[in-house]
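**Q** Quick one, structure for this:
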Amino acid sequence: MRTSRAWWALSGLVAGLLGLATSYAAAALLHVREAPVVAVAEGITALTPGSVVKWAINTFDRDDKKILVLGILFFLAVAFALLGRLARRRWWLAVTGYVALAVVAVVAVATKPTPSPIDFVPIVVGLLVWVVTLAVLAEWLRGWEVVEDEGDEDPGTEPAHTRRHFFVAIGGAAALAAAAGLVGRIAGNARRRAEESRRLLRIEGVTAPAVPAGVGVGVDGVVPWQTPNEDFYLIDTAFIKPTIAPADWQLRIHGMVEREITLTYRDLLDRELTQDWITLNCVSNPVGGNLVGNAWWSGVRLAALLAEAGPAQGADAVLQTSEDGWTCGTPLAALMDERNAMLAVAMNGEPLPIEHGFPVRTIVPGLYGYVSATKWVVDLEVTTFDDITAYWTDKGWAEQGPVKIASRIDVPRNNAEVPAGEVVCAGSAWLQHTGISRVQVQVDGGGWEDAELASTPNVDTWVQWRASVRLEEGDHQIRVRAVDNDGSTQTGVVADVLPDGATGWHTVSVSAKA
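**A** Residues are numbered from 1 along each chain as shown. I've put the predicted structure just below:
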């Protein structure tokens, strides 16, 4: 009998998985941060239009990267199976397919900032394993694929290669793939090393946060004023978080400056430390969304560092670069004015979590993170906006991103049932670097009523508010808006997050029951 096409597809799939596993193991053993699949995933993200990225963030939240990687793996599994079937009749097409996949990975790695030759080794290893493994399995299959013409062979003679041998070969390749994956998992201990150094790190001068009195309104269901590290929103483009030991971290300040500065982690900690409560929010946060958080940040002010470097006349921007190659353009003035823009080393009294930029990240009150909050920051180039582009601005976001006034209703929740009569509404409002002076609520399009505001330690944090409204039995809509310290009222004009942040009044629908 002639072997089934399914066995050829299985051979291609197993060969492909073994190649992926060995490339992953090679990347881990060589301390290459991005295995080929991860490099391709980040490359796809970099090429994806901004509107699609926004949709993915809003739809999948923290799972967007996992879903993309799973999608790539599914595509590869189908491609491997098809290449296995091609190898049955056209071996050169299968090899060409493997080479094409490898070329995609090479391009993804080559477009990363300052790639080194060693970054390409896992791709070469994976390609060789693909070709060799499929060649071995194909040899077993062709031995099995014998058409016995009646009388041509002694019926008692067994072919040189049997089904059993083929299945043993398939099982061996699958076992090797599992072993290679395990080796990669064990060898890829960069994160464990970084976590250990973070756990043992003690930063002199960093104090545990003491939540100021009076910042809460005492209403159950309102998001806590201080956001715990584990609950703080996460938005970044890194599929594998950079893991930098403090001893290996350096920051270069250069470009249009009188003197270039290179700082080690120790150099940074030897400088005067600043600490403050600062609220961060993402430009992708929709009206009423949860991509916002408030924490106690500790670090070194950027104004002093940049003044020491001496920006040249005409410079108006700083191009920030992360260890993983992510970039953003920040107004130079925002880094050197009176606001507490800093190179943060601690969050809520602890060294930064790896996900939030350990060992060092930038924090700039009053700007959306896409133009200011660089995690794992390693480079600051003083320049001009005319001479640079950055990751998100290349995708259609605005060049400069000052935060917009925003307010949110936490209580009652949308579509909640509430008792008719007096109903307590509560939530938060924010406009960092300016501050909030009033919050107002409106029921069913009626008049605006002032809410009670809690206290705040500075203008860079959000403020909690509460108000009582009277609801008759039936369905109602409750809206909220804020007024900033300059007297400007939050607009009710609805605008999408792209290109520079959402606007509109957060509205919840409730049903009042007698």
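**Q** mind giving me the domain ranges of the chain?
**A** 5-148+157-188, 229-395, 406-513 (automatic domain parsing).
**Q** ends of the last one, how far apart?
**A** With CA to CA, to the nearest Å as the measure, the ends of domain 406-513 fall 30 Å from one another.
**Q** Ok, the second one next?
**A** Between the opening and closing residues of domain 229-395 lies a distance of 29 Å (CA to CA).
**Q** any idea of the mean pLDDT in it?
**A** The average pLDDT for domain 229-395 rounds to 95.
**Q** same check, this time on stretch 175-191
**A** Mean predicted confidence for stretch 175-191 is 72.
**Q** in this structure, which spans are helices?
**A** Here the chain has its helices, by DSSP state H, at 5-29, 36-47, 50-60, 64-86, 91-110, 121-144, 163-187, 190-200, 265-269, 302-309, 332-336.
**Q** Which of those sits closest to V441?
**A** V441 lies closest to helix 50-60 among the helices of the chain, at 25.7 Å (CB to CB). Every C-beta, even on glycine, is put in place using the N, C-alpha and C of the backbone.
**Q** thinking again about what came up before, most neighbours per residue, which of the helices of the chain?
**A** Comparing the helices of the chain by mean neighbour count (mean count of other CB atoms under 10 Å), helix 5-29 ranks first with a mean of 24.
**Q** How far does that helix sit from its chain's centre?
**A** 28 Å (CA atoms, centre = their mean, to the nearest Å).
**Q** Mind putting the domains of the chain into TSV with distance to G205?
**A** Compiled in TSV, the domains of the chain are given as follows (distance: least, CB to CB, whole Å):
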stretch	distance to G205
domain 5-148+157-188	31
domain 229-395	4
domain 406-513	19
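**Q** Mind checking those domains for the one nearest to V223?
**A** Per CB to CB, nearest to V223 of those: domain 406-513, 5.6 Å.
**Q** for the record, mean pLDDT for the closest one?
**A** Averaging pLDDT residue by residue across domain 406-513 gives 96.
**Q** Over to stretch 5-20?
**A** Stretch 5-20 comes out with an average pLDDT of 86.
**Q** Can you tell me what sits against it?
**A** Applying CB atoms under 8 Å, 6 or more residues apart in numbering, the set of residues contacting stretch 5-20 from outside is 36-37, 76-77, 79-88, 94, 98, 126-127, 129-130, 133-134, 137-138, 141, 166, 170, 173-174, 176-177, 180.
**Q** if we can go back for a sec, what's the closest of the helices of the chain to L352?
**A** helix 190-200 (7.9 Å).
**Q** quick one: the one residue sitting closest to the centre of the chain and V292, what's the gap?
**A** Nearest to the mean C-alpha position of the chain, by CA atoms, centre = their mean, lies D236 at 2.4 Å. Using CB to CB, to the nearest Å, D236 is found at 16 Å from V292.
**Q** A21 now?
**A** 40 Å.
**Q** try V38
**A** According to CB to CB, V38 and V292 sit 28 Å apart.
**Q** Just the buried residues of stretch 471-489, please?
**A** L471, H476, I478, R479, V480, R481, A482, V483, D484 (16 or more other CB atoms under 10 Å).
**Q** Would you report which members of those are assigned to strands?
**A** Among the buried residues of stretch 471-489, the members found in strands (DSSP state E) are L471, H476, I478, R479, V480, R481, A482, V483, D484.
**Q** Just to check, the second one is in contact with V510?
**A** Yes: counting by CB atoms under 8 Å, H476 sits close enough to V510 to count as a contact (5.5 Å).
**Q** What residues are recorded as beta-bridge partners of I409?
**A** G427 (DSSP bridges).
**Q** Please determine how far it is located from E422.
**A** 16 Å.
**Q** between the two, which one's more packed in?
**A** Taking other CB atoms under 10 Å, I409 and E422 do not tie; I409 has more neighbours (24 against 10).
**Q** mind checking how far V222 is from A467?
**A** Distance from V222 to A467, by CB to CB: 12 Å.
**Q** Around S116, count how many other residues there are.
**A** S116: 10 neighbours (other CB under 10 Å).
**Q** per-residue confidence for it?
**A** For S116, pLDDT reads 76.
**Q** nearest spatial neighbour of T489, skipping sequence neighbours?
**A** V483 (5.0 Å; CB to CB, 6 or more residues apart in numbering).
**Q** can you check Y370 too?
**A** Y370 sits nearest to W392 (CB to CB, 6+ apart), 4.3 Å away.
**Q** and that neighbour, what does it touch?
**A** W392 sits next to G50, V283, C328, Y370, V371 when contact means CB under 8 Å, 6+ apart.
**Q** Look up how far K404 lies from it.
**A** According to CB to CB, W392 stands 16 Å off from K404.
**Q** for D484, same thing?
**A** 10 Å.
**Q** Can you pull the residues that touch both of those two?
**A** Joint contacts of D484 and K404 (CB under 8 Å, 6+ apart) are L431.
**Q** coming back round to it: who touches both of V222 and A467?
**A** Common neighbours of V222 and A467 (CB under 8 Å, 6+ apart) are A426.
**Q** Surely T374 touches L319?
**A** No: counting by CB under 8 Å, T374 does not reach L319; the two are 9.9 Å apart.
**Q** When these two are compared, which one has more neighbours?
**A** T374 (29 against 21).
**Q** Leaving out the residues flanking it, which one is nearest to the more buried one?
**A** Leaving out its chain neighbours, T374 is closest to Q320 (CB to CB, 6+ apart), at 4.1 Å.
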